[in-house]
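1. Fold the following and give me the result.
(one chain, ligands or ions: 2)
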Amino acid sequence: MNAYAESVLAQLKKRHSTQKEFLQAATEILESLSLVFDKHPEYEKAGILERFVEPERMITFRVTWIDDSGKVQVNTGYRVQYSSCLGPYKGGLRFHPSVNTSIIKFLGLEQILKNSLTGLPIGGAKGGSNFDPKGKSDNEIMRFCQAFMAELYRHIGADLDVPAGDIGVGAREIGYLYGFYKKIKNDTSCTLTGRGLAYGGSLARKEATGYGLVYFTREMLAAAGQSFEGKTVLVSGSGNVAIYAHEKATQLGAKVVAMSDSLGYVYDPDGIDLDLIKQIKEAERKRISEYVKRRPGAVYKAGCSGIWTIPCDIALPCATQNELDEEGAQHLISNGCIAVAEGANMPTTLEAIELLQSHDVMFGPAKAANAGGVATSALEMAQSSQRIYWTFEEVDQRLDTIMCNIFRNCAEAAKEYGHEGNYLIGANIAGFIKVAESMMAFGIV
Ligand code: NDP
Ligand code: 2IT
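-> Ligands and ions are numbered 1, 2, ... in the order given. Coordinates of the predicted model:
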């Protein structure tokens, strides 16, 4: 590693020794960026890297609400406004009990580079809470969202910071968050994306991350003379990203044979019935184990990591961070998997990435492969500014073009820096250069 990148990473490790996920993301990024600092010594002189890894602003707040039994509940809310170099802070909100400073910072750091790769004018942010939406009534979800927004509203705005969904935050939560924001701020601008179609949302935003993942993977496969046609695919998770990755991969001729949730996975050799998954997960909000009760021939196994033992050509991890480790990667390699593309953020451990790449498994990194969601959020912002709606086909076409451009930029940057075919290095460098150039232009701020 370049001495400058190494010294900044060493400082981070010293100062944030307990922030495991943040250090993991920073290590992956700084290892790639090392190559940039060799070429651009002026960045070191301007302290670009020290500034890049330090959030512009980190907001932590108490969220107090009352559950259905009348008991007072307290959660922690977070918003990291990491970088506004390229535009308003932009990034999702995650509601999950595992949320803490480390998780929010890793997601925010990744988001800066992801948003840069989209080519659209959006800075990087992330937020959320350790609130667990599982088992909560609709009323409890609404009260929590209102309590969360009662603080967040003062920090966000259409030209300042535009949150969206992530794990545990979907259409229902965005509705409650936006409804309350609108009421207390007296502002109907596009301050959240992923909004309902009736009140400012964009067609194809719901599908965008999953579809975009498949468009990116299609390009990566095509560069190696391959396609989705006739391929067997594993999709982990069964949330928003997983469902629409399945839908598009199937449309392109693949067969998705397994999906999962945090408790286990289902294997259906005839191909996972997507309508049934949508019914169970989107409509009924039930566990994926329900699937086998309604689909004889399918099997359910407890424990989500077992999904990687199923033979496949292409693996699309779409659940959560570090869900694909060395053991899982070894199974994929042994079973002849040719490509892994990340729908989730940082689903593959550093060791697993190294193992996959050393066995020539094509690897599509999250910040490039799953950028279709935030890109379409930026398209939602554009439509709101113009006071018009585009058709599904128009948004989908723009998304496809954006994903093709991202793939091309990653491939070109990887080649330029001597690592042809390494899309992880390509994504980090291509994303970073624009941010660094903006920081240079702004002077020392
Ligand atoms: P959802 O909440 O819709 O779905 C999450 C899925 O992941 C569920 O199947 C959930 O299972 C599973 N999951 C969550 N936590 C864990 C865990 N600790 N272990 C195993 N499985 C888990 O979220 P999304 O589909 O929106 O997000 C999935 C991933 O994609 C996340 O990494 C997110 O950051 C990323 N992403 C999302 C984008 C978006 O537009 N929504 C954009 C880009 C990336 P269970 O129901 O059992 O909890
Ligand atoms: O990780 C992500 O890119 C998202 N959760 C989507 C963010 C957004 O602003 O649409």
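
2. Just after the host helix or strand of R143, pick out the following helix or strand.
-> Element membership for R143 (DSSP states H and E) is helix 138-152. Reading on from helix 138-152 to the C-terminus, the next helix or strand found by DSSP H and E is strand 161-164.

3. Within range of ligand 1, give me the residues from this protein.
-> The chain has residues 165-168, 170, 209, 237-242, 261-263, 304, 318-320, 323, 343-345, 370, 373 near ligand 1, with proximity defined as Cβ under 6 Å from any ligand atom. The way it works is simple: take the backbone N, C-alpha and C, and place the C-beta from them, glycine included.

4. Just the buried residues from the residues you listed, in ChimeraX please.
-> In ChimeraX, a selection of the buried entries from the residues of the chain next to ligand 1 looks like this (16 or more other Cβ atoms under 10 Å):
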select :165,166,167,168,170,209,237,238,239,240,241,242,261,304,318,319,320,323,343,344,345,370,373
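
5. The residues of the chain next to ligand 1 also near ligand 2: which ones?
-> 166, 345, 373.

6. The last one sits in which helix or strand?
-> To tie it back to what came earlier, the one meant is G373. helix 372-386.

7. got the buried residues for that helix?
-> Neighbour-count burial for helix 372-386 [16+ other Cβ under 10 Å]: 372-384.

8. among the residues of the chain next to ligand 1, which are in helices?
-> Residues of the residues of the chain next to ligand 1 located in helices (DSSP state H): 209, 240-242, 373.

9. Pull the most distant pair out of these.
-> A242 and G373 (12.6 Å; Cβ to Cβ).

10. Kindly reformat the buried residues of helix 372-386 as a markdown table containing distance to I333.
-> A markdown table is the format used below for those (distance: Cβ to Cβ, whole Å):
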| residue | distance to I333 |
| --- | --- |
| G372 | 27 |
| G373 | 29 |
| V374 | 31 |
| A375 | 31 |
| T376 | 33 |
| S377 | 35 |
| A378 | 36 |
| L379 | 37 |
| E380 | 39 |
| M381 | 41 |
| A382 | 42 |
| Q383 | 43 |
| S384 | 45 |
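
11. ok so, going back, now render the ones next to ligand 2 among the residues of the chain next to ligand 1 as JSON lines, adding pLDDT and distance to Q24.
-> As requested, these are exported to JSON lines (pLDDT from 0 to 100; distance: Cβ to Cβ, whole Å):
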{"residue": "D166", "pLDDT": "98", "distance to Q24": "18"}
{"residue": "N345", "pLDDT": "98", "distance to Q24": "11"}
{"residue": "G373", "pLDDT": "98", "distance to Q24": "21"}
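
12. so where's the chain uncertain?
-> Regions of the chain meeting the criterion pLDDT under 70 are absent.

13. For the closest residue to ligand 1 within it, grab phi and psi.
-> Nearest residue of the chain to ligand 1: G239, at 1.8 Å (Cβ to the nearest ligand atom). Dihedral pair for G239: phi -100, psi -160, per degrees, to the nearest 10.

14. contacting residues around it?
-> The contact partners of G239, by Cβ atoms under 8 Å, 6 or more residues apart in numbering, come to 167, 170, 281, 318-319.

15. Which of those residues sits closest to A413?
-> When these are compared for distance to A413 (Cβ to Cβ), C318 wins out at 24.9 Å.

16. Can you list phi and psi of the residue nearest to the closest one when sequence neighbours are not counted for me?
-> Of all residues not flanking C318 in the chain, G343 sits nearest, at 3.4 Å (Cβ to Cβ, 6 or more residues apart in numbering). For G343, the backbone dihedrals (degrees, to the nearest 10) come out as phi -90, psi -40.

17. do you know how far G343 is from A171?
-> Taking Cβ to Cβ, to the nearest Å as the measure, G343 falls 18 Å from A171.

18. quick one: secondary structure of the residue lying closest to G128 once chain neighbours are set aside?
-> Excluding the flanking residues, the one nearest G128 by Cβ to Cβ, 6+ apart is R94, at 3.6 Å. Secondary structure assignment for R94 (DSSP: H, G, I helix; E, B strand; the rest coil): strand.

19. For R94, give me its contacts.
-> Going by Cβ under 8 Å, 6+ apart, R94 touches 103-104, 107, 126-129, 166-169.

20. pull the longest strand from this structure.
-> strand 72-83 (DSSP state E).

21. Do that one and ligand 2 come into contact?
-> No. Strand 72-83 lies apart from ligand 2 when judged by Cβ under 6 Å from any ligand atom; the minimum separation is 12.4 Å.

22. can you give me phi and psi for G253?
-> Residue torsions, per degrees, to the nearest 10, at G253 are phi 100, psi 10.

23. Number of residues surrounding it?
-> 11 (other Cβ atoms under 10 Å).

24. residues in contact with Y215?
-> 248, 372, 399-400, 403-404.

25. and those residues, which are buried?
-> 248, 372, 399-400, 403.

26. T18: which of those residues is nearest?
-> Of all the buried ones among the contacts of Y215, T18 sits closest to G372, with 32.8 Å by Cβ to Cβ.

27. got the residues of the protein near ligand 2?
-> Counting by Cβ under 6 Å from any ligand atom, the chain sits next to ligand 2 at 90-92, 114, 164, 166, 193, 345, 373-374, 377.

28. Mind doing that once more with 8 Å?
-> With Cβ under 8 Å from any ligand atom as the criterion, the chain meets ligand 2 at residues 90-92, 94, 107, 110-111, 114-115, 122, 126, 162-166, 193-194, 205, 209, 345, 370-371, 373-374, 376-378.

29. Run through the neighbouring helices and strands of the strand or helix carrying D275.
-> D275 is located in helix 274-277, with elements delineated by DSSP H and E. Contacts defined by 3 or more Cβ pairs under 8 Å, 6 or more residues apart in numbering; DSSP states H and E place helix 274-277 against helix 240-251, helix 290-294.

30. could the ones you listed go into CSV alongside distance to A352?
-> Output for these, formatted as CSV (distance: least, Cβ to Cβ, whole Å):
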stretch, distance to A352
helix 240-251, 19
helix 290-294, 27
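
31. most packed of those helices?
-> With neighbours defined as mean count of other Cβ atoms under 10 Å, these peak in mean count at helix 240-251, which reaches a mean of 23.

32. For that one, name the packing helices and strands.
-> helix 205-222, strand 232-236, strand 255-260, helix 274-277, strand 314-317.

33. try 7 Å this time
-> If you count contacts as 3 or more Cβ pairs under 7 Å, 6 or more residues apart in numbering; DSSP states H and E, helix 240-251 packs onto helix 205-222, strand 232-236, strand 255-260, helix 274-277.

34. got the contact list for that helix?
-> 170, 206-207, 209-211, 213-214, 228, 233, 235-236, 256, 259, 272, 274, 277-278, 281, 316, 318-319, 343-344, 370 (Cβ atoms under 7 Å, 6 or more residues apart in numbering).

35. which ones are touching whatever residue of the stretch 301-445 of the chain ends up closest to ligand 2?
-> With Cβ to the nearest ligand atom, the shortest gap between the stretch 301-445 of the chain and ligand 2 falls at S377, namely 3.3 Å. For S377, the contact set (Cβ under 7 Å, 6+ apart) comprises 90, 164, 193-194, 205.
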